[in-house]
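Novice: quick one: sequence plus predicted model below, questions after.
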Amino acid sequence: MTVLSPRPDLWTLDPDVVHLNHGSWGAVPRRTQEVLASLRAEAEANPMVWFRSVPERLTAARLELAAFLEADPAGFALVPNASAGITAAFATVPISSHIVTTSHVYGASRFAAERVARASGAELRVVDLPMQADDATIVALIEPQLTGACALLVDHVSAATGTILPIARLVELAHTYDVPVIVDGAHAPALIDAPTGDGADFWTGNFHKWPSAPRATAGLVVAEKWRTAAYPLITSWSEYDERLPERFDMQGTQDYAAWIAAPESLRVLADLEWSVRRPQITAMLEEGARLVAKALGTSVGEVANPAPTLRLVELPIFVADAEPFKQHLSRELQIEITLTGFEGRSFIRLSAHAYNTPECYQKLSEGLPRVLA
C-alpha cells in the first residue's frame, strides 16, 4: 500500500506550533483561503453585482456540498454551524412531553434542548452511556426512554469520547415509537462516508472540521416529511420560498463567501486522496496516542466504535478548568490541544489531519510530563 507523505505545505499554519486539535476549529487550506479572499475582494469591488451573483453561486456550492455527503439536494440547506442546524430542527419539531438525549451530547446541543424544553414545559431526559458501551448497549439503554418522547437528540460522533453512535439502529428504533430523531453530526463530514443516509429526521454537520472548509459552513439535512415546516433562524427575503434549500440560502447581508468557497476544500481533499490518507492518519494518530499515554503513565481511552482521526489520552490528574491548562501548554510548549472530560476523568482529545507528522506526538510526549510535573 502506498504511504502518503504529510502535506503541511497545503496549509498556512504556524510551523513553530504543533497543531493537534483539528477537530475544534479546523484549519483552512491555502488554496481555499485564496478563493475566499478573491470572493471577498470581488464583493467589495462592486457590492451590487456581488449580491446579484450570490444566489446562483450559492446553488452551485450547495449542490457540491450535498453531493459530498451523498445527501438529497432537495432536503439539504446551508447553515452557519451544527448548532444552528440543531436549533432549526428543534424549532420544527412539536415539543410536548420529554426530549431524550445522552451523556455524550455536545454541550451547545444540550443547551438547545434545555432551552426548548424550558419554553415548552417539557422534560429533558439524559441517558447515561458508559464510555465503552457498544452499539447494542447504547440502543438498549436509550429504548426505555422513548415511550411518549417528542424527540431524540444524539451525536453521530461524540465530541466527548470520539465514539461513533449507531445512528441507523437508533433511527429505526425511535421511529417505531413515532419519535423524530435529530442527529448532531458536527464531526461526521469526511470522517464517515455518506453520513446522512441513516434516515434521521434532521441531520446537521460542520464542513469546517475535516473537510477543512471556511468556518461558518455547515449543512442541515431535513427528511421529506419536515421540509415544508423547517425554516431558518433569521426571517429574511426567502421566507416564502417553497423549496427548503433556497429558503435557507439568502439571509440578508451575511458573508456568503465562506459558503461559496467551501467546495474548494473538497477539491483539496480529493487531491490529498482522502480515502487513502484517512486510515493512514488514523494509524499515525493511534501510534502517537500510545506514545503520549506511555510518557504520562496512563492509557489511551477505549471506546467500542472510535471515529477515524480522533483519539483520547487520559491525563494522570483531573483538570476541572480546561482553558487555563490549554493556555499554559500553548505558552510553555507551543502545542495546541483540547481537553475533554467524561465519567470524572480528564483526557487530551487528539485529532489529526494531513498536516500532522509523527514528530508532533513525539514533541507532546516529551513536553507534557514536564508541564505536569
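Specialist: Structure received.

Novice: now stretch 215-230: mean pLDDT?
Specialist: Stretch 215-230 shows an average pLDDT of 97 in the prediction.

Novice: I misspoke; the intended subject was stretch 197-207.
Specialist: Rounded mean pLDDT across stretch 197-207 is 97.

Novice: start to end distance for it?
Specialist: Counting by C-alpha to C-alpha, to the nearest Å, you get 17 Å between the two ends of stretch 197-207.

Novice: same check, this time on stretch 161-171
Specialist: Start-to-end, stretch 161-171 (C-alpha to C-alpha) is 21 Å.

Novice: may I see the buried residues of that stretch?
Specialist: Within stretch 161-171, the residues scored as buried using 16 or more other C-beta atoms under 10 Å are 161, 162, 163, 164, 165, 166, 167, 170, 171. Just so you know, the C-beta spots here come from the backbone N, C-alpha and C atoms, and that holds for glycine as well.

Novice: check stretch 81-93 too.
Specialist: Result for stretch 81-93 [16+ other C-beta under 10 Å]: buried residues 81, 82, 83, 84, 85, 86, 87, 88, 89, 90, 92, 93.

Novice: closest to residue 210 out of the residues you listed?
Specialist: residue 82 (13.2 Å; C-beta to C-beta).

Novice: hmm, the closest one is touching residue 189, no?
Specialist: No - judged on C-beta atoms under 8 Å, residue 82 makes no contact with residue 189 at a distance of 9.9 Å.

Novice: what sits in contact with each of the two?
Specialist: 205, 206 (C-beta atoms under 8 Å, 6 or more residues apart in numbering).

Novice: wait, which of the buried residues of stretch 161-171 is closest to residue 212?
Specialist: For those, with residue 212 as the reference and C-beta to C-beta as the criterion, the closest is residue 162, at 18.6 Å.

Novice: excluding sequence neighbours, find me the nearest residue to that closest one.
Specialist: residue 310 (3.7 Å; C-beta to C-beta, 6 or more residues apart in numbering).

Novice: ok, now how distant is the residue nearest to residue 231 when sequence neighbours are not counted from residue 85?
Specialist: Distances taken as C-beta to C-beta, 6+ apart place residue 247 nearest to residue 231, at 6.6 Å, with adjacent residues excluded. Separation of residue 247 from residue 85 (C-beta to C-beta, to the nearest Å): 14 Å.

Novice: for residue 78, what are phi and psi?
Specialist: Note on residue 78: its backbone torsions stand at phi -90, psi 140 [degrees, to the nearest 10].

Novice: before we move on, the earlier item: report the separation between the residue nearest to residue 162 and residue 41.
Specialist: In terms of C-beta to C-beta, residue 310 sits 36 Å off from residue 41.

Novice: more neighbours: those two, which one.
Specialist: The neighbour count for residue 310 versus residue 41, taken as other C-beta atoms under 10 Å, is higher for residue 310 (26 against 11).
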